[in-house]
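Trainee: No letters, just coordinates:
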């Protein structure tokens, strides 16, 4: 909208100046005015070009930076999910989570059905099926993080010394049943530091399905039971490609 207003205003000003030159300006001064008008035209073209390209360049940089940020958030999510699998809860202790990946092990279980004879009384014996879960071994959590830079997963890419916020809590899934939840996030304003403030403001208010919604880039939630992120599927394309290989 601002660009359209600029173009309309430029055309109107040019028209007015042209009328004034033709009607009132002496012939000897017209070359000088022509040079001024040419310079003005170049300036307006430059401003219009910047007006068109600024959002395009912003989006390109945004996608690149967001992709790096989201990769780390995915690592944090995977680490928290693994921690929950072993411990039945999440943790906000960043050092403990990294140490967990280095040292913890998953239990390898096997589920089987066994038939037991149950005396129902009165001489009645009944076969009853029961599921039994046996632990058959253990495997290191570290195997799921092979070739992944999990030791630096809490550092926000492009922001020296900045780390993701990490919080845990509980949500009542059904009445009387509380479920552990976690959330890791970083505000968009920090990630987009140095960019056009007006474009950053628009980005923080994004609600479209193909955008990272809201003022933060986040994974998990403290308000609902989820381990998903607030980014669109386009940021998961590389993950799907790896799975299909």
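Mentor: Noted; the coordinates are in hand. Predicted model only: the values in this text are computed from it and were never measured.
Trainee: buried sites along stretch 75-82?
Mentor: 75, 76, 77, 78, 79, 80, 82 (16 or more other C-beta atoms under 10 Å). Heads up, the C-betas are built off the backbone N, CA and C, glycines and all.
Trainee: Any chance of TSV for these, columns secondary structure and distance to residue 159?
Mentor: Formatted as TSV, the buried residues of stretch 75-82 follow (DSSP: H, G, I helix; E, B strand; the rest coil; distance: C-beta to C-beta, whole Å):
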residue	secondary structure	distance to residue 159
75	helix	16
76	helix	15
77	helix	19
78	helix	22
79	helix	20
80	helix	21
82	helix	26
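Trainee: which one among these gets closest to residue 132?
Mentor: Distance to residue 132 across the buried residues of stretch 75-82 (C-beta to C-beta) is lowest for residue 82, with 25.1 Å.
Trainee: between the buried residues of stretch 75-82, which is nearest residue 208?
Mentor: residue 77 (22.9 Å).
Trainee: Okay, the closest one and residue 185: tell me how far apart.
Mentor: In this view, residue 77 and residue 185 are 11 Å apart by C-beta to C-beta, to the nearest Å.
Trainee: Tell me the residues that contact both of these two, please.
Mentor: Residues touching both residue 77 and residue 185 (C-beta atoms under 8 Å, 6 or more residues apart in numbering): residue 219.
Trainee: before we move on, back to that, mind putting the buried residues of stretch 75-82 into CSV with pLDDT and distance to residue 235?
Mentor: CSV is the format used below for those (pLDDT from 0 to 100; distance: C-beta to C-beta, whole Å):
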residue, pLDDT, distance to residue 235
75, 97, 14
76, 97, 15
77, 97, 13
78, 96, 15
79, 97, 19
80, 97, 19
82, 96, 21
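Trainee: What's the first helix or strand after the helix or strand where residue 135 lies?
Mentor: Element membership for residue 135, per DSSP states H and E: strand 124-140. On the C-terminal side of strand 124-140, the nearest following helix or strand under DSSP H and E is strand 165-174.
Trainee: Break this protein into its domains for me.
Mentor: 2-51, 63-102+146-244 (automatic domain parsing).
Trainee: So what does the nearest residue to residue 170 once chain neighbours are set aside have for phi and psi?
Mentor: Closest residue in space to residue 170, ignoring its immediate chain neighbours: residue 178 at 4.3 Å, by C-beta to C-beta, 6 or more residues apart in numbering. In terms of degrees, to the nearest 10, the main-chain angles of residue 178 are phi -100, psi 140.
Trainee: And residue 154, by the same measure?
Mentor: Dihedral angles (degrees, to the nearest 10) for residue 154: phi -90, psi -10.
Trainee: where's it relative to residue 129, distance?
Mentor: Distance from residue 154 to residue 129, by C-beta to C-beta: 47 Å.
Trainee: what about the two, which has more around it?
Mentor: Counting neighbours by other C-beta atoms under 10 Å for residue 154 and for residue 129 shows that residue 154 has the greater number, 20 against 8.
Trainee: Do you know the pLDDT at that one?
Mentor: Listed pLDDT for residue 154 reads 97.
Trainee: For this structure, just list every one of the helices.
Mentor: Per DSSP state H, the chain carries helices over the ranges 2-24, 30-87, 94-103, 188-191, 197-204, 237-244.
Trainee: Going by neighbour count, which residues in the shortest one are buried?
Mentor: Of the residues in helix 188-191, 188, 191 count as buried by neighbour count, 16+ other C-beta under 10 Å.
Trainee: Quick one: list the elements packing against it.
Mentor: Applying 3 or more C-beta pairs under 8 Å, 6 or more residues apart in numbering; DSSP states H and E, one finds that helix 188-191 contacts helix 30-87, helix 197-204, strand 216-220.
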